[in-house]
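**Q** What would the 3D arrangement of this be:
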Amino acid sequence: MVSVDGLPVFWVEPRARRLTTFAGTLAAHAPALRSVPALTRRALTIEQIDGAAAHGAPLAAALRAAGARADYRGLVFDPPLRGDAV
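**A** Have a look, this model is predicted:
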């Protein structure tokens with residue numbers, strides 16, 4: 001669960017295949033998306049966003065701007081390198 005100012009913005013399931021957003025605008029999600037790589041120590045692949053394929057989801061461009069790369073399965077966040085600040 002990722003929150004901004006105490007309000008839930010989105011949830012990433014434990015195996016990270018699905019991302020579910022909560023009420024809010026894309027502007028509210030943008031700052032929180034930068035925290036996604038810190039959620040795991042290994043690559044995080046998001047296959048679905050709000051039940052739709054990740055590549056075509058409205059949030060896909062914002063995820064790519066936050067550092068995700070396209071993969072045949074979905075959008076992938078690589079873990080931060082050691083010493084990288086989040």
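
**Q** Please count neighbours and contacts with C-alpha atoms only from this point.
**A** Will do.

**Q** what's the following helix or strand after the helix or strand bottoming out on mean pLDDT in the chain?
**A** Least confident helix or strand, the chain: helix 26-33 with a mean of 67, by mean pLDDT, DSSP states H and E. Later in the chain than helix 26-33, the nearest helix or strand by DSSP states H and E is strand 44-46.

**Q** after that following strand comes which helix or strand?
**A** Past strand 44-46, the next helix or strand by DSSP H and E is strand 48-49.

**Q** Partner strands of that following strand and their direction?
**A** Here strand 48-49 has these sheet partners by DSSP bridges: strand 18-21 (parallel), strand 52-53 (antiparallel).

**Q** Let me have the ones you listed in CSV, extended by distance to residue 76 and mean pLDDT.
**A** Converted to CSV, the strands paired with strand 48-49 look like this (distance: least, CA to CA, whole Å; pLDDT from 0 to 100):
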stretch, distance to residue 76, mean pLDDT
strand 18-21, 12, 86
strand 52-53, 13, 92
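
**Q** out of those, deepest packed?
**A** Stretch with highest mean neighbour count among those: strand 18-21 (a mean of 18; mean count of other CA atoms under 10 Å).

**Q** ok, residues contacting that one?
**A** Residues outside strand 18-21 that contact it (CA atoms under 8 Å, 6 or more residues apart in numbering): 9-13, 46-51.

**Q** out of those residues, who has the most neighbours?
**A** Among these, the one with the most neighbours (other CA atoms under 10 Å) is residue 46, at 26 neighbours.

**Q** Double-check that residue against residue 17; I have them as touching.
**A** Yes - using CA atoms under 8 Å, residue 46 is in contact with residue 17, at 4.5 Å.

**Q** picking that back up, and the contacts of strand 18-21, which two are furthest apart?
**A** The most widely separated members of the contacts of strand 18-21, counting by CA to CA, are 9 and 47 (18.2 Å).
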